[in-house]
Structure formats: structure tokens, C-alpha cells
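Participant: Build me a structure from this.
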Amino acid sequence: MEAYEAILSRRSVRKYQDRPIEDEVTEKLIRAGAAAPSAHNEQPWHFVVIKDRTILDEIPKFHPYAKMLSEAPVALAICADHELEKDPTAGYWIQDCSAATQNILLAAHALGLGACWLGIHPREKRKEALRKLLHLPESVEAFSVIALGYPAQDKKPGARFTPDRIHTNQW
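Facilitator: Coordinates of the predicted model:
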């Protein structure tokens, strides 16, 4: 699948087949995340691969939109290590982890997987619950979780291009 086609056809998938994701595929997704642009090339991210069913089933207890994890064979938690930042007050880790998350979503789609971005940051209760569940170090902050699986639904791309939101040179 070409990059442009992947961008335009990617959708959030919340229903998955009862089929495992191969470790090699998971590694490809993480490599895609790590290839994201990063402010000052800090690359503050860490990736937690979640395959344990008890952990996957625990997340919907504190995240109201994570019910699809009951079917997902794998989830990836994207986290930022603040010790890797040159200026922790700048907040660029948010853009860095957003770019890594988007790269993973696009790679998953291109590899024939379904995926759904679950926001963790900036919700403090979600961040703290995930910190405890995944035993994250104090310097590491959870940003997002991506539910992953082979899709059990075929979602067509929506029309999101809105020409009246395009402005040239000024509003």
C-alpha cells in the first residue's frame, strides 16, 4: 500500500479477529513509531507491548473508550521518558509521541491490521492508572495506547476534506 493511500484510507478499527499478531509484525510497528520526527531529535519515547489478557482487560476499567481491548490481541502503550528531554519544560514530548502514534497507526493499516488510538494524556486519572498497571518509572509518562488486531470489520474511508477550512496567506 502506498503512503498516500494509507493516509487517506486509514480508519479506527474496534473489532478484531481472534487471531494473534506475530512478534515480527509488532516489531515493525514499533520501528515505524521510532522513525517519527522528534523535536531536537530527542526521541523521548518508550513502547510497552501489552499481550497479557489480564492487563488488556484492566484498561477499560479506567478508560471509558477502551472496550475494544477485550478483543484486541495486542496493544502498544506509547510513553515519554522525561529524562531523555533536553528541556522538560518545553513540552515537545507531546508532539513527538503524537507523531510516533500516528506512524504506528499508518504502519498497522499498511500491514493489514486494524488499530485504534486511545488517548491517555492529558487525562491524569488515566495516566496514573496506566502507570500503576504497567509499573512505569517515575520519569516516564503514558501518552497513548493503540489497540491492535486483524480487522473483523471493513470500514470505508470517510470524507474529511473540507475546502472551506483552507485559507491562503491569511484568514
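Participant: F47 is in contact with G33, isn't it?
Facilitator: Yes - judged on C-beta atoms under 8 Å, F47 makes contact with G33 at a distance of 6.1 Å. For every residue, glycine as well, the C-beta is placed using N, CA and C.
Participant: So for those two, which residues contact both of them?
Facilitator: Common neighbours of F47 and G33, using C-beta atoms under 8 Å, 6 or more residues apart in numbering, are 76, 78.
Participant: okay, the two: which has more neighbours?
Facilitator: Neighbours were counted for F47 and for G33 using other C-beta atoms under 10 Å; G33 has more, 22 against 18.
Participant: Please enumerate the strands of this structure.
Facilitator: Secondary structure of the chain (DSSP state E): strands located at 45-50, 74-81, 114-119, 140-149.
Participant: ok, and for the longest one, which residues are buried?
Facilitator: Taking 16 or more other C-beta atoms under 10 Å as the neighbour-count basis, strand 140-149 is seen to contain the buried residues 140-149.
Participant: from these, which single one is nearest R14?
Facilitator: Checking the buried residues of strand 140-149 against R14 by C-beta to C-beta gives A147 as the nearest, at 7.3 Å.
Participant: That closest one touches A108, doesn't it?
Facilitator: No - in terms of C-beta under 8 Å, A147 does not count as a neighbour of A108; the distance is 9.9 Å.
Participant: quick one: common contacting residues for these two?
Facilitator: A115.
Participant: roughly how far is the lowest-mean-pLDDT helix or strand in the chain from the heart of the chain?
Facilitator: One helix or strand of the chain scores below all others by mean pLDDT, DSSP states H and E: helix 3-9, with a mean of 94. With C-alpha atoms, centre = their mean, to the nearest Å as the basis, helix 3-9 stands 17 Å off its chain's centre.
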